[in-house]
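Engineer: Just need the structure, nothing else, for what follows:
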Amino acid sequence: MNRVSSRLRALAALPFDLALATHLVLFALWYDRLPDPLATHFGGGGGADGFTGRVTYGIVSTALLLGIREGWWRLVRRPALWGAWATAGFTGALLVLLVRDNLDAVDAARVNSPLANLTVAAGVAGVFALAGWALTRLVPKEDAVPAVPSGPRLPLGESEVAGWTRATGSWPLAGLAVLALAAIPVILVLVPLPWGLLAFLNVAVFVPGLALARIRVSVDRRGLTVRPALVSWPRLRIPLDEVADADVRDVDAVADFDGWGYRVHGHRTAVVLRSGEALVVRRTGGREFAVTVPDARTAAALLNTLAERHGKV
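Structural biologist: Predicted coordinates:
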């Protein structure tokens, strides 16, 4: 992990650490003054209609903040740092206000959460967003990677037309998607409402997992296209006029990109289904894109040839 990426990720995680620390300290200080169970879900009029035990609430609220923190820590980009801070401020404020509303309640069923809580949380989110925006200046802009044409070439005649396509998949990602979907009804049965509804967060694992379980990579006159094998959307396309150079590289999914799936790592993005051979494209703006696919050398050679031909038109 480079210096810029390390600093950016630390700043993205910081607001969640602050929110979690504040929430846990107040929860511990007020623990004996809270009903058991707590009122944790409220109807349209602000009246309590869902309840969770104190210990369970502490575990679930902590897991919620840590889960969101992990997502921002892995995917944050410099221009979106303010979003991480806004998310932490809004979520942390809502959790603190929920605990405050339960304070000294004799009967949790009588706890009321005013709609104004959302306004307060939005205000906290705004303050946090400004702080995140101000801290962005502490993160240097990513250095462009110079594109030095060095990749293979595929000889084509002036009038020859060629295309290349290959489908590849990942059984682990497919299995993860299936497990995420299967876990939804199990969690709904085992975990009391409203926290059981968090099971539907598994959709955020199932959908991209299914989309990336099997992909199709194509090189033709439109450039490089990566999309799910079964449907045409969503797709990622790099047009020929944005290709500076393409080459082949062996990548390690964990060491190079911190895991599998769609990855963002500094100035590089990637679709990583496994470790091994990958097509790596250096773009004209200095960024890199990689996709793990068999026969990547043929794809790189054709992409370089088509990009050069396009540049001469």
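Engineer: And the longest helix along the chain, how far out from the chain middle?
Structural biologist: With secondary structure taken from DSSP state H, the chain has its longest helix at helix 3-29. Its chain's average C-alpha position is 18 Å from that of helix 3-29, according to Cα atoms, centre = their mean, to the nearest Å.
Engineer: Give me the angle between the helix or strand where Thr62 lies and helix 3-29.
Structural biologist: Following DSSP states H and E, one finds Thr62 within helix 54-75. Counting by axes from the mean of the first three to the mean of the last three Cα atoms, to 10 degrees, helix 54-75 lies at 170 degrees to helix 3-29.
Engineer: Going along the chain, name the strands of this structure.
Structural biologist: Ranges of strands within the chain are 38-42, 48-52, 164-169, 214-220, 223-228, 236-238, 243-251, 261-265, 268-272, 276-283, 288-292, based on DSSP state E.
Engineer: Ok, which of those comes nearest Ser6?
Structural biologist: strand 261-265 (11.4 Å; Cβ to Cβ). Glycine gets a C-beta too; all of them are placed from N, C-alpha and C.
Engineer: in the closest one, what's buried?
Structural biologist: For strand 261-265, the neighbour count (16 or more other Cβ atoms under 10 Å) marks 261-263, 265 as buried.
Engineer: Output the below-cut-off pLDDT ranges for the stretch 1-150 of the chain.
Structural biologist: Across the stretch 1-150 of the chain, the ranges flagged by pLDDT under 70 are 1-5, 141-150.
Engineer: before we move on, back to that, could the strands of the chain go into CSV alongside distance to Gly89?
Structural biologist: Output for the strands of the chain, formatted as CSV (distance: least, Cβ to Cβ, whole Å):
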stretch, distance to Gly89
strand 38-42, 20
strand 48-52, 23
strand 164-169, 40
strand 214-220, 36
strand 223-228, 35
strand 236-238, 32
strand 243-251, 36
strand 261-265, 23
strand 268-272, 28
strand 276-283, 34
strand 288-292, 33
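Engineer: So which of those is nearest Gly92?
Structural biologist: Nearest of the strands of the chain (Cβ to Cβ): strand 38-42, 15.6 Å.
Engineer: Partner strands of the closest one, with direction?
Structural biologist: Next to strand 38-42 in the sheet, as set by DSSP bridges, lie strand 48-52 (antiparallel).
Engineer: Alpha carbons of the strand it pairs with, as CSV, please.
Structural biologist: C-alpha atoms of strand 48-52 as CSV (Å, rounded to 0.1, in the frame of the first residue of the first chain):
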residue,chain,number,x,y,z
ALA,A,48,-41.7,2.3,19.8
ASP,A,49,-42.7,-0.8,17.9
GLY,A,50,-39.5,-2.9,18.0
PHE,A,51,-37.2,-3.9,20.8
THR,A,52,-33.7,-5.4,21.3
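Engineer: ok now it, how far from the chain's centre?
Structural biologist: So, by Cα atoms, centre = their mean, the centroid of strand 48-52 is 30 Å from its chain's centroid.
Engineer: Buried residues, the longest helix of the chain. List them.
Structural biologist: Under 16+ other Cβ under 10 Å, the buried positions of helix 3-29 are 4-5, 7-9, 11-16, 18-20, 23, 27.
Engineer: Which other helices and strands does it contact?
Structural biologist: Identification of packing neighbours for helix 3-29 by 3 or more Cβ pairs under 8 Å, 6 or more residues apart in numbering; DSSP states H and E yields helix 54-75, helix 81-102, helix 116-135.
Engineer: ok, 6 Å please
Structural biologist: Applying 3 or more Cβ pairs under 6 Å, 6 or more residues apart in numbering; DSSP states H and E, we find helix 3-29 packed against helix 54-75, helix 81-102.
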